[in-house]
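**Student:** predicted model follows, preceded by the sequence.
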Number of protein chains: 2
Amino acid sequence: MALDTTDLTTETLCRYMLERQRGTIIVQKQDVALRKLNVIIAAALELSNSKGFQAMSLRDLSRETGLSMGGLYAYFDSKTTLLNMILMEVTEAVKRVLSDPPEEVRQDPAARLDWLIEAHIRMTELMQPWFTFAFMEAKNFPQAERRIAVESEALTESYFVAAIEDGIARGVFRPDVPALLPALIKPLLQEWYVKRAKYKRRDVSMEAYIATVQDIVRRICLPQADPIPHGR
Amino acid sequence: MALDTTDLTTETLCRYMLERQRGTIIVQKQDVALRKLNVIIAAALELSNSKGFQAMSLRDLSRETGLSMGGLYAYFDSKTTLLNMILMEVTEAVKRVLSDPPEEVRQDPAARLDWLIEAHIRMTELMQPWFTFAFMEAKNFPQAERRIAVESEALTESYFVAAIEDGIARGVFRPDVPALLPALIKPLLQEWYVKRAKYKRRDVSMEAYIATVQDIVRRICLPQADPIPHGR
DNA sequence: ACGTATCGAGCGAACGCTCGCTCGAAAAAA
DNA sequence: TTTTTTCGAGCGAGCGTTCGCTCGATACGT
């Protein structure tokens, strides 16, 4: 599981963001800008995820970051821009991570599926506030932003489509794998970060969750190995 | 599939609501109250689901219903109460529908699971705006209301837990059915009404969706029958 | 049948407040 | 001094909520 965890910290993501948003971020000094951007984004994610983006006022954000109202506007030119900045980093991160599976996994469809599932869940765990934000807020986005979210989701699904089709073509997977399966894996992956509190309460570890989803998908795709003998 | 569809129309749900909220609804005349409540709830669901409950102002609602600001307050005493009224009808409807499976299904665990899946999806289809509201808005509810939503979800899950445990106890299901499976069925059911637009676009009928979820769950629970022989 | 009293659904201006956002000035850095 | 960064009072719009009021329908006394 070679997932570059340092690449998904809020700090690193803010570095990407700063670079990408040179146009809108007024502050010139790199180190100052990066430090404050970090504080702003972290606070924005926390406030947003606890009360909703739209219910988070910029005064809340000002209080939480220690920056003044005007100070905040050196980092974005509108509240919607702030939303876009966060969204963009999430979708870019998904592309970065899921688009290149490790070499050893490409020849084995089952392993490739396992890897996709594990990588996706581990990524959402590392970037949990980001994904919660992107997922929870997506419904109320302006149309343009919602299309981005939909397309990003379609991209994720396409990775699963490819892996499953490959498995069937190689004769490793059952030929009657449901056509809807790739679409249905997505909500299983989202469940982990959306209902995180619930699984924490039940002492379900991320590893156990990953293993279960992998197990379920394997049971659906593979001709049954029936690993544990059972009576009757 | 004996699902009483007339019981789940907005009109009928408003009748229940009117009865339950006698305390808060000021309007005395039954028929007037019922007619207007219908208009108010329908508009509230539509506005809420397109821009979010928070973002729906009572002025929006006033414009959409043709009632004045003051007029609206004859039907609820605060915006939060309006939210609660809708939430409550959803959770009560779930109880009504899922708590009594038809007799012929109780002795057959696989059929019982199939029934639960079909009943739940058909119900969410009939009450789509209600479920979208309850699910999408739940994240940003005040704490008390969020607890109701969480408990309602736990209740739904418990129906699946019971059915699966019964199947294992009877030796019909594999003993190694993942413990998390009941929790993971829920997001598969939600997927249908949350991403409704996506499946419409892809020409996936509700029947096909139901059949797929049933198929998937069966593959996970049953010792593999391997109905279609497949090559290698 | 007719006039009068009563009812109550509905109205909408107004209140206190918070919102996203601006901008001139102070502070800090260079 | 000049440039860059930060500040925070203030703007107009819009929020949820209230309340004195209207006015057609109904009930009742004669």
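**Tutor:** Thanks, I have the structure now. Here the structure is a predicted model, which means the values were calculated and not measured.
**Student:** excluding its backbone neighbours, what's nearest A:Arg146?
**Tutor:** A:Ala138 (6.2 Å; CB to CB, 6 or more residues apart in numbering or on different chains). In this view, the C-beta of every residue, glycine as well, is placed from N, C-alpha and C.
**Student:** and for the closest residue to DNA strand D within chain A, the neighbour number?
**Tutor:** Using CB to the nearest atom of the strand, the point where chain A gets nearest to DNA strand D is A:Gly70, with a distance of 1.8 Å. Look at A:Gly70: counted by other CB atoms under 10 Å in any protein chain shown, it has 8 neighbours.
**Student:** thinking again about what came up before, can you pull the pLDDT of the residue nearest to A:Arg146?
**Tutor:** A:Ala138 carries a pLDDT value of 82.
**Student:** quick one: buried residues of stretch A:8-21?
**Tutor:** Neighbour-count burial for stretch A:8-21, counted by 16 or more other CB atoms under 10 Å in any protein chain shown, picks out A:Leu8, A:Thr10, A:Leu13, A:Cys14, A:Met17, A:Leu18, A:Gln21.
**Student:** the strand or helix carrying the fourth one close to DNA strand D?
**Tutor:** In other words, A:Cys14. A:Cys14 is part of helix A:10-20 when elements are defined by DSSP states H and E. No - using CB under 7 Å from any atom of the strand, we find that helix A:10-20 stays clear of DNA strand D, coming within 12.2 Å at best.
**Student:** contacts for that helix, please.
**Tutor:** A:6, A:25, A:30, A:33-34, A:37-38, A:41-42, A:45, A:85, A:88-89, A:92-93, A:127, A:129-130 (CB atoms under 8 Å, 6 or more residues apart in numbering or on different chains).
**Student:** ok, 7 Å please
**Tutor:** A:Thr6, A:Ile25, A:Ala33, A:Leu34, A:Leu37, A:Asn38, A:Ile41, A:Ala42, A:Met85, A:Met88, A:Glu89, A:Ala93 (CB atoms under 7 Å, 6 or more residues apart in numbering or on different chains).
**Student:** so is the longest helix belonging to chain A next to DNA strand C?
**Tutor:** Using DSSP state H, we find that the single longest helix of chain A is helix A:143-169. No - judged by CB under 7 Å from any atom of the strand, helix A:143-169 stays clear of DNA strand C, getting no closer than 14.2 Å.
**Student:** what angle sits between the following helix or strand past that helix and helix A:143-169?
**Tutor:** Following helix A:143-169 in sequence order, the next helix or strand is helix A:181-194 (DSSP H and E). Helix A:181-194 and helix A:143-169 are oriented at 120 degrees to each other (axes from the mean of the first three to the mean of the last three CA atoms, to 10 degrees).
**Student:** per the record, what domains does chain A have?
**Tutor:** As recorded under automatic domain parsing, the domains making up chain A are A:5-82, A:93-221.
**Student:** the ones you listed: which one's closest to B:Asp203?
**Tutor:** Closest approach to B:Asp203 among the domains of chain A (CB to CB): domain A:93-221, 11.4 Å.
**Student:** need the residues of chain A near chain B, please.
**Tutor:** A:51-52, A:54-55, A:136, A:139-140, A:171, A:174-176, A:178, A:180, A:184, A:187-188, A:190-191, A:204, A:209, A:212, A:215-216, A:219-220, A:223-224, A:226, A:228, A:230-232 (CB under 7 Å from any CB of the partner chain).
**Student:** any idea which helix or strand carries the closest residue to A:Glu118 other than its chain neighbours?
**Tutor:** Residue nearest to A:Glu118 in three dimensions, not counting chain neighbours: A:Ile210, with 5.2 Å by CB to CB, 6+ apart. Using DSSP H and E, A:Ile210 sits in helix A:206-221.
**Student:** other SSEs contacting that helix?
**Tutor:** When contacts are defined as 3 or more CB pairs under 7 Å, 6 or more residues apart in numbering or on different chains; DSSP states H and E, helix A:206-221 packs onto helix A:109-126, helix A:181-194, helix B:206-221.
**Student:** what's next to the first one, contact-wise?
**Tutor:** In other words, helix A:109-126. By CB under 7 Å, 6+ apart, helix A:109-126 touches A:1, A:3, A:5, A:8, A:97-98, A:101, A:105-106, A:131, A:159-160, A:163, A:166-167, A:170, A:172-173, A:189, A:192-193, A:206, A:209-210, A:213-214, A:217-218, A:222.
**Student:** right, and the helix or strand after it?
**Tutor:** Per DSSP H and E, the helix or strand that comes after helix A:109-126 is helix A:128-137.
**Student:** next, count neighbours for the residue nearest to A:Leu8 when sequence neighbours are not counted.
**Tutor:** Once flanking residues are discounted, A:Leu8 sits nearest to A:Leu126: 4.3 Å by CB to CB, 6+ apart. Close neighbours of A:Leu126, defined as other CB under 10 Å, add up to 19.
**Student:** A:Arg218 now?
**Tutor:** Neighbours of A:Arg218 using other CB under 10 Å come to 17.
**Student:** quick one: pLDDT of it?
**Tutor:** On the pLDDT scale, A:Arg218 is placed at 96.
**Student:** now it, nearest residue through space, not along the chain?
**Tutor:** A:Ala110 (6.3 Å).
**Student:** I'd like the distance between that neighbour and A:Leu184.
**Tutor:** 18 Å (CB to CB, to the nearest Å).
**Student:** more crowded one of those two?
**Tutor:** Set A:Ala110 next to A:Leu184 and count neighbours by other CB under 10 Å: A:Leu184 wins out with 21 against 17.
**Student:** give the contact list for the more buried one.
**Tutor:** Here A:Leu184 is in contact with B:Leu188, B:Glu191, B:Ile216 (criterion: CB under 7 Å, 6+ apart).
**Student:** repeat that for 10 Å
**Tutor:** By CB atoms under 10 Å, 6 or more residues apart in numbering or on different chains, A:Leu184 lies in contact with A:157, A:160, A:178, A:217, A:220, B:187-188, B:191-192, B:209, B:212-213, B:216.
**Student:** cool, and A:Leu45?
**Tutor:** Residues in contact with A:Leu45 (CB under 10 Å, 6+ apart) are A:Thr10, A:Phe53, A:Met56, A:Ile86, A:Met127, A:Gln128, A:Pro129, A:Trp130, A:Thr132, A:Phe133.
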